[in-house]
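Chemist: prediction below, plus the sequence it came from.
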Amino acid sequence: MNPDFIEALNDIEKEKGISKEVLIEAIEAALISGYKRNFNSAQNVRVDVDRETGHVGVYARKTVVEEVEDPRQEISLDAAQEIDPGYQLDDIVEIEVTPKDFGRIAAQTAKQVVTQRIREAERGLIYSEFIDREEDIVTGVIQRQDARFYYVNLGKIEALMPLNEKMPTDNFKQGDRVKVFITKVEKTTKGPQVFVSRTHPGLLKRLFELEVPEIYDGIVEIKSVAREAGDRSKIAVHSYDPNVDPVGSCVGPRGMRVQTVVNELNGEKIDIVRWSEDPAEFVANSLSPSKVLYVGVNEEEKMTRVIVPDYQLSLAIGKRGQNARLAAKLTGWKIDIKSESQAEEEGIDWEEQSDLEVTGETEEENLMLTDEEEILEEEQVDSDETDVTEPEEELDPADEADAEEMSGEEETEDEMKS
């Protein structure tokens, strides 16, 4: 090897961030095994690469003994003192044994070692970069798909997205740019592997952190997330500043902030509710957009009993139980929902027990109400208003005829007066 080789190592150190000293030590270790393999040597040797000139020397290391039994490993005291009179018993003597054609072997070995070390270092740097970004959001490009994964190019590495981590509403084509959530980073023999997801609740949380400055600044915090990817989600938010409305901050002016998140998630409906330390209030808020009349809390069983108006029962439960299911995930409490009529039938006297102040949703919390739910709620209100009013007394046919005659006589009298 020559000085150009040392210069090349200096360039690698600057470009790849791999220490030149680490590379040289690896080359020396590889040359030792290469020397023993190519020259059938069993003796103890040391390889030295000059850091300035690139000169490679091989030195046999022998122990000074009184009587030599293995000349490959030992040297007599007299022979050692001929080299240097200062040698004593048990000292190590180094004798240069560099073969004439060792330069070619050294060059090939050095090339292999440097290439391998560069590859390992790059893998290490990629792993270090992405292990710090676990549970973070990144933007990638869809490369291809096979029977198990979508392959997403993140620039320095190709991430794997299992097919079941794709949202039902996603319809990817090659070259599409998508935001994904890094769920796991693993170090394998083939290098680091990064796994990403589009269905993880963390994706929703990170999207709001990107869109809402109050969350980034720590004024507003997302306390919990419940998500059924591609369909509907709920997030609970809390403000540490009494002058900042957490729900309004997440919704944004004219709903722009939440709409940006909805667009990224292909129209996934999002309910933003206010978090509370009081489980009764938190559960009531989590059932938004349904109105809640009463919440009874059972601390031992971690269960709540919720009573809603009759016309709000189906809205509180949601389509296929979705609203109640998401509310339970969001709060961590089991929720048993009953209508006023059901409560009366079971003899539950909730009106005297109720101390719940939250009886309906705020305007901001209702912004994400779906069209289907609005129509359902209107129909329920129209139909149930007639049910809750007192029914009029029915008249007998004879009484009905008398009433019509009286009405006709009154009309005739009015015409004569006019």
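Modeler: Nice, I can see it. What you are looking at is a predicted structure, and each value in this text was computed from that prediction instead of being measured. Residues are numbered from 1 along each chain as shown.
Chemist: longest helix anywhere in the chain?
Modeler: Longest helix of the chain, by residue count under DSSP state H: helix 102-131.
Chemist: which other helices and strands contact that one?
Modeler: helix 3-16, helix 20-38, strand 56-65, strand 177-188, strand 191-197 (3 or more Cβ pairs under 8 Å, 6 or more residues apart in numbering; DSSP states H and E). Using the backbone N, CA and C atoms, a C-beta is placed for each residue, glycine as well.
Chemist: residues in contact with the first one?
Modeler: Residues outside helix 3-16 that contact it (Cβ atoms under 8 Å, 6 or more residues apart in numbering) are 18-20, 23-24, 51-54, 110, 114, 118, 121-122.
Chemist: who wins for most neighbours among the residues you listed?
Modeler: Neighbour count (other Cβ atoms under 10 Å) singles out residue 110 as the most crowded of the contacts of helix 3-16, with 25 neighbours.
Chemist: tell me the pLDDT at it?
Modeler: Per-residue confidence (pLDDT) for residue 110: 73.
Chemist: verify the stated contact: it with residue 30.
Modeler: Yes. Here residue 110 reaches residue 30: they are 7.4 Å apart, a contact under Cβ atoms under 8 Å.
Chemist: quick one: low-confidence parts of the stretch 101-250 of the chain?
Modeler: Along the stretch 101-250 of the chain, segments meeting pLDDT under 70 span 102-103.
Chemist: mind running it again at 50?
Modeler: Within the stretch 101-250 of the chain, no range satisfies pLDDT under 50.
Chemist: now the stretch 301-418 of the chain
Modeler: In the stretch 301-418 of the chain, residues with pLDDT under 50: 355, 357-418.
Chemist: angle of the longest helix of the chain against helix 20-38?
Modeler: 130 degrees (axes from the mean of the first three to the mean of the last three Cα atoms, to 10 degrees).
Chemist: quick check: buried residues in helix 102-131?
Modeler: Residues of helix 102-131 classed as buried: 102, 105-106, 109-110, 113-114, 117, 121-123, 126-127, 130 (neighbour count, 16 or more other Cβ atoms under 10 Å).
Chemist: picking up where we left off before, quick check, nearest of the contacts of helix 3-16 to residue 215?
Modeler: residue 122 (34.9 Å; Cβ to Cβ).
Chemist: nearest residue to the closest one in space, please, no chain neighbours.
Modeler: Spatial nearest neighbour of residue 122, excluding adjacent residues (Cβ to Cβ, 6 or more residues apart in numbering): residue 16 at 6.8 Å.
Chemist: also residue 211?
Modeler: Residue 211 sits nearest to residue 257 (Cβ to Cβ, 6+ apart), 4.7 Å away.
Chemist: what's the burial count for the one you found?
Modeler: Residue 257 has 23 neighbours, counted by other Cβ under 10 Å.
Chemist: phi, psi for it please.
Modeler: phi -70, psi -50 (degrees, to the nearest 10).
Chemist: residues contacting it?
Modeler: 208, 211, 212, 249, 250, 251.
Chemist: quick check, the last one in contact with residue 258.
Modeler: Yes. Proximity of residue 251 to residue 258 meets the contact threshold set by Cβ under 8 Å, at 5.1 Å.
Chemist: straight-line length of stretch 327-335, end to end?
Modeler: End-to-end distance for stretch 327-335: 8 Å, by Cα to Cα, to the nearest Å.
Chemist: please read the previous query as pertaining to stretch 56-73.
Modeler: First residue to last in stretch 56-73 (Cα to Cα) measures 22 Å.
Chemist: can you pull the buried residues of that stretch?
Modeler: 56, 58, 59, 60, 62, 63, 64, 65, 68.
Chemist: and if you look at stretch 326-340?
Modeler: 326, 327, 328, 329, 330, 331, 333, 335, 337, 338, 339, 340.
Chemist: just to be sure, the first one is in a strand?
Modeler: Same thing as residue 326. No. Residue 326 is assigned helix when assessed by DSSP: H, G, I helix; E, B strand; the rest coil, not a strand.
Chemist: surely it meets residue 231?
Modeler: No. At 9.6 Å, residue 326 does not count as touching residue 231 under the criterion of Cβ under 8 Å.
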